[in-house]
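J.: how would this look folded up:
(one chain, ligands or ions: 2)
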Amino acid sequence: MSSTSEFIRVDVNMISCVGIARCGGCLRVCPVGIFEKNGDTPAVVEKNQDECILCELCVQACNPEAITIRKLYEA
Ligand code: SF4
Ligand code: SF4
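T.: Ligands and ions are numbered 1, 2, ... in the order given. Prediction:
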């Protein structure tokens, strides 16, 4: 279990992500502010992860499939 979230873990694969300048979809679509800008890469706001409503808008917006959402309570 993550030390910073109890229920949901959001991960961005930085190798797959094409960057905010070229995409930025995750920052645009997330209704609850899970992502923040860290230079040209999206960073997950660790303390906000449990606010994720599992809408999967970020997953759908991410062409390179760089985002994974895991329900820790179903692990
Ligand atoms: S939607 Fe995917 S490719 Fe686009 S900035 Fe976010 S993580 Fe990177
Ligand atoms: S699933 Fe929805 S609420 Fe959760 S990080 Fe993605 S866009 Fe944000």
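
J.: ok, Y73 to ligand 2 distance?
T.: 15 Å (Cβ to the nearest ligand atom, to the nearest Å). All C-beta atoms are positioned from the backbone trio N, CA, C, and that covers glycine.

J.: what of R22?
T.: Distance from R22 to ligand 2, by Cβ to the nearest ligand atom: 19 Å.

J.: give me the number of residues near that residue?
T.: Neighbourhood size, R22 [other Cβ atoms under 10 Å]: 9.

J.: does V59 count as helix, strand or coil?
T.: Applying DSSP: H, G, I helix; E, B strand; the rest coil to V59 yields a three-state assignment of helix.

J.: for the chain, which spans come out with low pLDDT?
T.: When residues are selected by pLDDT under 70, those of the chain lie in 1-3, 75.

J.: what about the most centrally placed residue in it, which SS state?
T.: Central residue of the chain (Cα atoms, centre = their mean): V10, 4.7 Å from the mean position. Following three-state DSSP, the label given to V10 is strand.

J.: quick check: bridge partners of K71?
T.: K71 has these beta-bridge partners by DSSP bridges: I8.

J.: would you mind confirming that it makes contact with S5?
T.: No. Using Cβ atoms under 8 Å, K71 is not in contact with S5, being 10.7 Å away.

J.: who's more crowded, these two?
T.: Remark: of K71 and S5, S5 carries more neighbours, 19 against 11, as counted by other Cβ under 10 Å.
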